[in-house]
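>>> Next one to model:
(one chain, ligands or ions: 3)
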Amino acid sequence: MFLLSFFLLGIIVCVASADNSFRCDYTYDDDVNGYLKYQKIPANWHDARLRCHLEGAVLASPTNFRMKNAMLRMTRANVDIFTGYHATFSKEDYHSVEGLPIDKYTQWAAGEPDNWDNNEDCLYMTSSGNLGDMDCKLTRPYICYKKYNPNERRNQCGTIDNDYHYYNSTGSCYKFHKVPRTWSRAYMACTAEGGYLTIINSKTEAKAIVEIFAQNPAISMVGNFWKDVAYVGFNDWGEHGEYLTIEGQTLKEAGYDLFSPGEPNNSTTGEYCGSVYRTALLNDLWCENHYAFICEKDPKSLVC
Ligand SMILES: [Ca+2]
Ligand SMILES: [Ca+2]
Ligand SMILES: [Ca+2]
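Numbering: from 1, shown residues only. Ligands and ions are numbered 1, 2, ... in the order given. As a prediction, the model looks like this:
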C-alpha cells in the first residue's frame, strides 16, 4: 500500500512537473501540444504581442480547430480577445504572428471584417469563436501560446532561458539584454521573464556587474546605441535627486550607492532612470532612450 501510494505520488509529481516545465503561470494543453496563458488585463495589440514574446511565447491565434477550441475554453462569456492575426505589415494581408494565414474555416462575426474607418488591422475573437477586425490601439484580453519543445528544460535559474546565469558570489541569476529598450520596456522585459531590473545590493554584486559587462563587449551588440551603460532598477519618479530602487528603498538602504564621478548630472532634458557603467558605478540616464539592461532573478523563484 505504501509502495503504491509512493508510486501514485511519483506519477502526480511527474505530471505536475511536466505541466509546469515551461512556466508555472502557463497551463499545458495536450490538444495544442503546448502551453497557454490567459492574459486577463486588457492591452493594445502591440503590447499584447510584446508581452507574449517577452514571456517566451507568442500571441495566440486560432490557427486550427484544436487551437480555436483550446482558446475558447479559456475565454470568458461575452468577452472578445485579441488574436495574433494582424495586417499591420500590409493592409488586408492577415497573418498570425507566426506567419500563418487565416484558417480557411474561419467564421466572421456579423458585419466583419469591415476595416471601419480604414483603421482596423488586428483581429479579435468573440467568445463564440467568430473573428472580426478592430483598431489595434484599443485594448482587449489575449492569450499567449508556447509550443512544447522536448529539448527545453528549466535551468538552475528556474527558467528555460539559458541567457540567465547564476552567480555564486551573490546567489542571484542575471541576464544581460543586448537588444536595447527604454527603461520602461526594460522593466517589462525583466518582469515578463520572472525577474526584475537588477538592484545592486553590495560591492560584491557590483563586481558581478563588472564581470557581466566584460562578457558583453560593445562589439557583441548590434545597433547604434551607447554600449558602455545599461539600465538597472532605480528611478527618481520624474523628480530629480532622490533615487529609489524599484522596491522602494534608497540606494543606501539597498546597499550600494556609488555614482560615477560627476553623476547624477540630470543631463539636458532630464535623466530620471537608473543605469550602471561598465565600471559598475551608477549614472542617471534618459528613460526614453534605448540602452542595454540587466535583469536579475532569484533562482528559487520559478517563472510566474
Ligand atoms: Ca471591424
Ligand atoms: Ca541584487
Ligand atoms: Ca547622467
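
>>> Please, which helix or strand holds T159?
Per DSSP states H and E, T159 falls between elements, in no helix or strand.

>>> Neighbours of the closest residue to ligand 2 within the stretch 1-150 of the chain, how many?
Closest approach of the stretch 1-150 of the chain to ligand 2 (C-beta to the ion) occurs at L54, with a separation of 20.7 Å. (Each C-beta comes from the backbone N, C-alpha and C, glycine too.) Neighbours of L54 under the rule other C-beta atoms under 10 Å: 17.

>>> ok, it - contacts?
By C-beta atoms under 8 Å, 6 or more residues apart in numbering, the contact list for L54 reads 188-189, 192-193.

>>> Near ligand 3, which residues of the stretch 201-304 of the chain are found?
Selection of the stretch 201-304 of the chain residues close to ligand 3 by C-beta under 5 Å from the ion yields 263, 265, 271, 283-284.

>>> coming back round to it: and the residue of the stretch 1-150 of the chain closest to ligand 2, how far from W226?
L54 sits 23 Å away from W226, going by C-beta to C-beta, to the nearest Å.

>>> Same question for S61.
37 Å.

>>> Tell me which of these two has more neighbours.
S61 (27 against 14).

>>> Need phi/psi at that one.
phi -130, psi 150 (degrees, to the nearest 10).

>>> same deal with R278?
Per degrees, to the nearest 10, the backbone of R278 is at phi -60, psi -20.

>>> how about the closest residue to it other than its chain neighbours, secondary structure?
Nearest residue to R278, sequence neighbours excluded (C-beta to C-beta, 6 or more residues apart in numbering): F213, at 4.4 Å. Here F213 is helix, with the state taken from DSSP: H, G, I helix; E, B strand; the rest coil.

>>> How about the one 3 residues further on?
Each residue gets one of three states, and N216 gets coil by three-state DSSP.

>>> That one - how many residues pack around it?
Neighbours of N216 using other C-beta under 10 Å come to 18.

>>> Number the chain from 47, please
OK, 47 is where the count begins now, so the last one is N262.

>>> gap between it and N214?
Distance from N262 to N214, by C-beta to C-beta: 19 Å.

>>> Next: M171.
Counting by C-beta to C-beta - M171 and N214 are separated by 47 Å.

>>> Those two: which is more packed in?
M171 (28 against 7).

>>> Quick check, that one in contact with T129.
Yes - here M171 reaches T129: they are 5.1 Å apart, a contact under C-beta atoms under 8 Å.

>>> Between the two, which contacts overlap?
With C-beta under 8 Å, 6+ apart as the test, M171 and T129 both reach 108, 117, 177.

>>> so what pLDDT did the residue of the stretch 47-196 of the chain closest to ligand 2 get?
We have a pLDDT of 97 for L100.

>>> Next up, phi/psi of it, please.
The phi/psi pair for L100 (degrees, to the nearest 10) is phi -70, psi -20.

>>> go on, the one 4 residues further on?
Backbone torsions for V104, taken as degrees, to the nearest 10, come to phi -130, psi 160.

>>> show me what contacts it?
98, 130, 142-144, 190-192.

>>> Which of those residues fall in strands?
Assigned to strands by DSSP state E, the following of those qualify: 130, 190-192.

>>> So in this structure, where's the weakest helix or strand by average pLDDT?
Least confident element among the helices and strands of the chain, by mean pLDDT, DSSP states H and E: helix 48-65 (a mean of 43).

>>> picking that back up, is it possible to export the contacts of L100 to JSON lines including pLDDT and secondary structure?
Formatted as JSON lines, the contacts of L100 follow (pLDDT from 0 to 100; DSSP: H, G, I helix; E, B strand; the rest coil):
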{"residue": "M234", "pLDDT": "98", "secondary structure": "helix"}
{"residue": "A235", "pLDDT": "98", "secondary structure": "helix"}
{"residue": "A238", "pLDDT": "96", "secondary structure": "helix"}
{"residue": "E239", "pLDDT": "96", "secondary structure": "coil"}
